[in-house]
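Peer 1: Pasting the sequence and the predicted model now:
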Amino acid sequence: MDGSMLAQFSAALLASVAWIFFISWVAGRRRRRLPPGPRGLPLLGYLPFLGADLHLTFAELGRRHGPIFKLWLGKKMYVVLSSPEAVKEVVRDKDTIFANRDAGAAAHVISYGKNDIAFKDYGPEWREMRKIFAHRMLGNAALDASFGLRRGVVERSVKEVYGQAGRPVRIGCIGQLTVINSMARMIWGEANDAEGTDWEGLMGELMVLVGAPNVSDFFPALAWLDLQGIVGKMKRVFLQFEGLFEAAIDRIRRGSNGEGNGSFLHFIMEIGEDASSSLTMTQIKGMLLDTAVGGTDTTSTIFEWALSELLLHPQAMKLVQHELTEVVGLNHHVAESHLPKLKYLHAVVKETLRLHPAFPLLIPRRPSQDTEVGGFRVPKGATTFVNVWAIHRDPALWDRPLEFRPERFLDGATKWDFSGRDLKYRPFGSGRRTCPGLPLAERALMYTLAVFLHFFNWEAPKGVEIGLEEKFGIVMKKKEPLVAIPTPRFSNAELYG
Ligand code: HEM
C-alpha cells in the first residue's frame with residue numbers, strides 16, 4: 001500500500017468511526033429525550049397555568065404536545081398519557097415498573113403511612129393485602145352475605161323519598177347518603193359504631209384534602225412547614241376514623257354480642273388474628289379506609305350522573321323502566337339476582353362511566369426505575385397520569401363521543417366489560433392496580449339505581465334545567481346537585497316500607 005492509499009484508507013476509517021459515533025449519539029440522545037411539554041416559569045413550572053379543571057387542561061395540552069407529554073409543577077415532573085397505545089405500555093408492557101403510586105402528603109396521612117392497598121408500594125405485602133381484599137373480603141360469598149346490610153339502607157332511603165313524593169328532592173344527596181350509609185353498614189355491621197357520624201361531611205373533607213394541590217408535594221423541601229395546613233387538617237380527619245375503628249375493634253375483641261358479624265371489620269379481623277396471617281392491625285385499618293374512601297364517593301357520584309343522564313334522555317329512562325318491569329315485575333322488590341338480567345341498565349351504567357369516569361385521571365402511578373414510554377424517557381418517580389376522561393371522549397376512538405347512547409354497549413359488545421381489556425374504555429383502570437372494588441361497586445350501583453328507577457318515575461322540576469357541568473376533583477362530581485321530583489310507580493304503599 002503506497003502513502004496516498006494509506007491516507008485514503010485512514011480517512012475512510014476515520015469517517016466510518018465518526019459516523020458510527022454520530023449515529024449512536026443521536027440514538028442515545030433520542031433514548032434519553034424527555035417527552036415534549038409546555039414551558040413553565042422558573043421554579044414554579046406550569047403551576048400558575050394549570051387552572052381548576054386539570055382534565056381539561058391536560059386534554060388541551062395533549063392536543064398541542066401529543067399523547068405523551070410532560071410538565072413541571074414546582075420541583076416535580078408529571079407525565080400525562082392520553083392514547084390507548086401509550087396507556088398499553090404503562091399498564092400492560094411495563095405494568096410492574098409502573099405499579100407504584102404517588103402518595104402526596106395528605107394521602108400519606110390517611111393511608112396509615114402507605115399501609116393500605118391504594119398507596120402501598122408494589123411488593124409481596126401489597127399482593128397479600130390485595131388478595132385478601134379482592135378474593136375474600138369482596139369475594140362473591142362475602143358480598144352475598146352482606147347484601148342484607150345494603151338492602152336495609154336502600155329501603156330506608158326509598159321510604160324517605162316516598163315521604164316526599166310529588167315534591168322536588170335532592171336525589172343526588174339522598175343517593176350519596178344511601179351509598180355512604182351502605183358502605184358504613186358493611187364496614188361496621190348492624191352495631192354500627194359509626195351511627196351519628198357526619199359521614200357526608202367527613203368524606204367530603206377527606207376528598208377535598210386528598211385532591212387539593214399541595215405546596216408540600218410540589219416542593220418537598222417545604223413539606224415540614226405544611227404551608228396550607230392540609231396535613232394538619234387531614235390528621236384531624238384521620239383521628240376521627242381511627243377512633244371509630246378502635247371502638248369497633250375493641251367491641252369485637254371483647255366479643256360483645258357479636259353484632260359485628262357479617263361486617264367487613266369482623267371478617268377481616270378474623271383473618272388478621274389467624275396465626276398464619278401476616279396482616280398487621282394497621283394494614284387491616286388501612287383496608288377498611290380504602291373501602292370507605294374508594295367505595296363511597298365514586299359509587300354515589302356515578303349514581304347521580306346516571307340519573308341525570310336518564311332525566312335528560314327520557315327514551316333511555318323508558319327503556320330502563322320497561323326492562324325493570326319485565327325482569328323484576330310490577331309490585332315486586334328488586335333483588336340482586338335480577339341484576340345480571342338488566343342488560344339495558346348495565347349499558348346505561350357503562351355509558352355513564354364512559355362520559356363521566358369517577359377518576360378522570362385514574363390514580364397516578366410512579367415508575368420504580370428510569371424507563372421509556374412511546375420512545376420517550378420517563379424518569380424514576382415521575383408522577384404518571386392517564387387522562388381516561390380524554391380517551392373516553394376521543395372522536396378518533398368513539399362514534400359521536402359526546403352523545404349519551406347506552407346502545408353502543410349493547411349487541412355483540414361483550415368486549416366492553418370493566419376489566420380494562422379494551423384500552424379505550426377503562427373506568428376502573430387496568431393492570432395490577434386496577435380497582436379491586438369493582439364487584440361491590442357494580443352490585444351497589446346497579447342495585448341502588450334499579451331500586452330508585454323501579455319504584456319511582458322521575459322528572460325535573462318545572463323551569464329547572466338538568467345541567468351536566470363537572471366539578472373537577474380526585475372524583476369528578478356534578479357541579480350542581482341533582483334535584484328531581486319522584487312519583488311512586490306503584491299504588492301499593494306497603495312496597496315503600
Ligand atoms: C363506581 C365505583 C368505582 C369506580 C369508578 C372506581 C374506580 C377506580 C379506579 C379508576 C382505580 C384506579 C385504577 C388504576 O390505577 O388503574 C381504583 C382503585 C381502587 N379502588 Fe375503586 N372504584 C370504584 C369503587 C370502589 C369500591 C366500592 C372500592 C372498595 C370497596 C374500591 C377500592 C379501590 C381501591 C382499594 C383501589 C386501589 C387499588 C390499588 O392501588 O391496588 N373502589 N378504583
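Peer 2: Great, that's in hand.
Peer 1: Give me the pLDDT for the residue nearest to Lys120 when sequence neighbours are not counted.
Peer 2: Leaving out its chain neighbours, the residue that sits closest to Lys120 by C-beta to C-beta, 6 or more residues apart in numbering is Trp126, at 4.4 Å. The C-beta positions use only the backbone N, C-alpha and C, and glycine is treated the same way. On pLDDT, Trp126 comes in at 96.
Peer 1: Ok, the one 5 residues further on next?
Peer 2: For Lys131, the pLDDT comes out at 93.
Peer 1: what about the residue nearest to Lys120, neighbour count?
Peer 2: For Trp126, the neighbour count with other C-beta atoms under 10 Å is 23.
Peer 1: Would you mind confirming that it makes contact with Phe119?
Peer 2: No: assessed by C-beta atoms under 8 Å, Trp126 is found out of contact with Phe119, at 9.4 Å.
Peer 1: Now do the same for the residue in the stretch 101-250 of the chain positioned nearest to the ligand: helix, strand or coil?
Peer 2: With C-beta to the nearest ligand atom as the measure, Ala118 is the residue of the stretch 101-250 of the chain nearest to the ligand, at 3.8 Å. Under the three-state scheme (DSSP: H, G, I helix; E, B strand; the rest coil), Ala118 adopts coil.
Peer 1: And Tyr162, by the same measure?
Peer 2: Following three-state DSSP, the label given to Tyr162 is helix.
Peer 1: Just give the closest residue to it, not the sequence neighbours.
Peer 2: Using C-beta to C-beta, 6+ apart, the closest residue to Tyr162 is Tyr496 (3.9 Å).
Peer 1: what sits against the one you found?
Peer 2: Val158, Lys159, Tyr162, Phe455, Pro488 (C-beta atoms under 8 Å, 6 or more residues apart in numbering).
Peer 1: in this protein, which residue is closest to the centre?
Peer 2: For the chain, the residue sitting closest to the mean C-alpha position, by C-alpha atoms, centre = their mean, is Phe359 at 4.2 Å.
Peer 1: Now that one. Its backbone dihedrals?
Peer 2: Dihedral pair for Phe359: phi -110, psi 90, per degrees, to the nearest 10.
Peer 1: can you tell me which residues contact it?
Peer 2: Phe359 neighbours (C-beta under 8 Å, 6+ apart): Thr298, Val388, Gly429, Ile474, Val475, Met476.
Peer 1: Return the member of those nearest to Leu319.
Peer 2: Relative to Leu319, the closest of the contacts of Phe359 is Thr298; by C-beta to C-beta it sits at 25.3 Å.
Peer 1: If you count neighbours, what's buried in the helix or strand hosting the closest one?
Peer 2: If you go by DSSP states H and E, Thr298 is part of helix 281-312. Neighbour-count burial for helix 281-312 flags 283-311 (criterion: 16 or more other C-beta atoms under 10 Å).
Peer 1: For the ligand, tell me which of these show up nearby.
Peer 2: Asp290, Thr291, Gly294, Gly295, Thr298, Thr299, Ile302 (C-beta under 6 Å from any ligand atom).
Peer 1: May I see the residues you listed arranged in TSV, with pLDDT as well?
Peer 2: Output for those, formatted as TSV (pLDDT from 0 to 100):
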residue	pLDDT
Asp290	91
Thr291	89
Gly294	88
Gly295	88
Thr298	93
Thr299	94
Ile302	96
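Peer 1: Tell me the one among those residues nearest to His322.
Peer 2: Nearest to His322, judged by C-beta to C-beta, of those is Ile302 at 22.2 Å.
Peer 1: Can you give me every residue that contacts that closest one?
Peer 2: Residues in contact with Ile302 (C-beta under 8 Å, 6+ apart) are Val349, Thr352, Leu353, His356, Ala358, Leu445.
Peer 1: how about 6 Å then?
Peer 2: By C-beta atoms under 6 Å, 6 or more residues apart in numbering, Ile302 lies in contact with Thr352, Ala358, Leu445.
Peer 1: what comes into contact with the host helix or strand of Glu60?
Peer 2: Assigned by DSSP H and E, Glu60 falls within helix 54-65. Helix 54-65 has contacts (C-beta under 6 Å, 6+ apart) with 36-38, 50-51, 69, 80, 82, 360, 387, 389-390, 472.
Peer 1: Surely Val483 and Gln164 touch.
Peer 2: No: the pair Val483 and Gln164 does not pass the contact test of C-beta atoms under 6 Å, sitting 11.3 Å apart.
Peer 1: Now Lys76. Its backbone dihedrals?
Peer 2: The phi/psi pair for Lys76 (degrees, to the nearest 10) reads phi -110, psi 140.
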